[in-house]
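Trainee: what follows is a predicted protein model with its sequence.
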There are 2 protein chains.
Amino acid sequence: MQSTDKKAVEMLKRGGLRPTRVRMSMLSAMLTADEPLSREQIARRMGESANKVTLYRTLHSLVETGLVHAALIRDRVQFYEPSHHCSEHLCHPHFVCTTCHKTICLTEVVPPTVVLPEGFRLERQQLQMEGLCSTCNTAEHETVSV
Amino acid sequence: MQSTDKKAVEMLKRGGLRPTRVRMSMLSAMLTADEPLSREQIARRMGESANKVTLYRTLHSLVETGLVHAALIRDRVQFYEPSHHCSEHLCHPHFVCTTCHKTICLTEVVPPTVVLPEGFRLERQQLQMEGLCSTCNTAEHETVSV
DNA sequence: TAATATTATGCAACTCAGTTGCATTTGTTT
DNA sequence: AAACAAATGCAACTGAGTTGCATAATATTA
């Protein structure tokens, strides 16, 4: 997508990173996804191939510059997403379905603010929820009612 | 501690698990800690030694029965804590200091409730915060002002 | 109590995400 | 173009967590 590429270039420039081949296609892959992606998922969505190590190193620099967040999800692998749906200190919540295992970005939900003990300074907050997504929840009800 | 052992026995009975040597000392180690512990930290705090695999398997059964929670913390290793400071659907928040890397259990903070989209059913919520703990925060101010 | 079944623990070898060090390529600057 | 810096690739490694199977401990029943 042309607009995605433009956005990727703009983001990389903002982060002070050269708009290289690998960075461009990695960012584009993440920008066109509606959920956080693992290193492997990103690789599969990229048009071209790149070395595993390069992918990890690129992810690190993207996270360092704040262009990308590592989502807080309980899994052995890390999942990454562009930070454009988060405010400075409050990230959008994630909902992980315990049945279909999909991760849903709750970008419409207003992240709650919490009163911290005296002296603490909040830099980033992440809220994670587990349960049944609407699809699996209604499916379960149907099964029960029949 | 005698009372800790009693509590461990009571918890294991409630979870339908035999009060074995390893389970007892693992649970006691976690009950006397004020923060989530990794498998290795638990092993070090146990009076006796136990095989790595046994520790992992025991952690799994403790989590399955709900006696113990795996804390949602961004690290390569998992951290575990007794679930007695959490309510059924809302876990107590964690604050991870970006300077001293300590994890602080905010058991006094009331976990916020969030309005989910239609049809979703929440089973567990975890809130994680990163920033400066009160110690590191005030230390930084002093450095700056001098 | 002895015999038997069930559950818990230990050991060795394995898997796999992520890392390190170094060589090579690509892009930038003068 | 020459020279430098940054990005990418490759091979070998690290370390958390797992698997399969053997042994030990506990519970059950005769």
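Mentor: On my side now, so go ahead. Given the structure is predicted, the values throughout are model-derived calculations rather than measurements.

Trainee: since we're on the residue of chain A found nearest DNA strand C, how many residues are nearby?
Mentor: Minimum separation of chain A from DNA strand C (C-beta to the nearest atom of the strand) falls at A:Gln78, amounting to 3.6 Å. For every residue, glycine as well, the C-beta is placed using N, CA and C. With neighbours defined by other C-beta atoms under 10 Å in any protein chain shown, the count for A:Gln78 comes to 18.

Trainee: where does the closest residue to it other than its chain neighbours land on pLDDT?
Mentor: Nearest residue to A:Gln78, sequence neighbours excluded (C-beta to C-beta, 6 or more residues apart in numbering or on different chains): A:Ala70, at 5.3 Å. Per-residue pLDDT puts A:Ala70 at 97.

Trainee: is the host helix or strand of A:Ala70 anywhere near DNA strand D?
Mentor: In this assignment (DSSP states H and E), A:Ala70 forms part of strand A:68-71. No: applying C-beta under 7 Å from any atom of the strand, one finds strand A:68-71 out of contact with DNA strand D, separated by at least 13.8 Å.

Trainee: and that strand, which strands flank it?
Mentor: Next to strand A:68-71 in the sheet, as set by DSSP bridges, lie strand A:79-82 (antiparallel).

Trainee: quick check, A:Gln128 in contact with A:His94.
Mentor: Yes: using C-beta atoms under 8 Å, A:Gln128 is in contact with A:His94, at 5.2 Å.

Trainee: between those two, which contacts overlap?
Mentor: Taking C-beta atoms under 8 Å, 6 or more residues apart in numbering or on different chains as the contact rule, A:Gln128 and A:His94 both touch A:72-73.

Trainee: kindly report the residues of chain A close to chain B.
Mentor: Neighbours of chain B within chain A, by C-beta under 8 Å from any C-beta of the partner chain: A:70, A:72, A:74, A:93, A:95, A:98, A:106, A:108-109, A:112-135, A:137-138.

Trainee: 6 Å instead, please
Mentor: Applying C-beta under 6 Å from any C-beta of the partner chain, we find that chain A lies next to chain B at A:72, A:74, A:109, A:112, A:114, A:119-132, A:134, A:137.

Trainee: got a quick PyMOL command for the buried subset of the residues you listed?
Mentor: Of the residues of chain A next to chain B, the buried ones go into a single PyMOL selection, burial set by 16 or more other C-beta atoms under 10 Å in any protein chain shown:
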select buried, chain A and resi 72+109+114+120+121+124+125+126+127+128+129+130+131+132+134+137
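
Trainee: looking at the residues of chain A next to chain B, which are in helices?
Mentor: If you go by DSSP state H, the residues of chain A next to chain B have A:134, A:137 in helices.

Trainee: which of the residues of chain A next to chain B come close to DNA strand C?
Mentor: Okay, of these, nothing touches DNA strand C (C-beta under 7 Å from any atom of the strand).

Trainee: among the residues of chain A next to chain B, which lie within strands?
Mentor: The strands, defined by DSSP state E, take in A:121-132 from those.

Trainee: can I get these in TSV including distance to A:Met26?
Mentor: TSV is the format used below for these (distance: C-beta to C-beta, whole Å):
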residue	distance to A:Met26
A:Arg121	32
A:Leu122	29
A:Glu123	25
A:Arg124	22
A:Gln125	26
A:Gln126	22
A:Leu127	26
A:Gln128	24
A:Met129	28
A:Glu130	28
A:Gly131	31
A:Leu132	32
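
Trainee: reformat these as JSON lines; add distance to B:Thr20 and pLDDT.
Mentor: Output for those, formatted as JSON lines (distance: C-beta to C-beta, whole Å; pLDDT from 0 to 100):
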{"residue": "A:Arg121", "distance to B:Thr20": "44", "pLDDT": "97"}
{"residue": "A:Leu122", "distance to B:Thr20": "42", "pLDDT": "97"}
{"residue": "A:Glu123", "distance to B:Thr20": "42", "pLDDT": "97"}
{"residue": "A:Arg124", "distance to B:Thr20": "41", "pLDDT": "97"}
{"residue": "A:Gln125", "distance to B:Thr20": "39", "pLDDT": "98"}
{"residue": "A:Gln126", "distance to B:Thr20": "36", "pLDDT": "97"}
{"residue": "A:Leu127", "distance to B:Thr20": "37", "pLDDT": "98"}
{"residue": "A:Gln128", "distance to B:Thr20": "32", "pLDDT": "97"}
{"residue": "A:Met129", "distance to B:Thr20": "34", "pLDDT": "97"}
{"residue": "A:Glu130", "distance to B:Thr20": "29", "pLDDT": "96"}
{"residue": "A:Gly131", "distance to B:Thr20": "32", "pLDDT": "97"}
{"residue": "A:Leu132", "distance to B:Thr20": "34", "pLDDT": "96"}
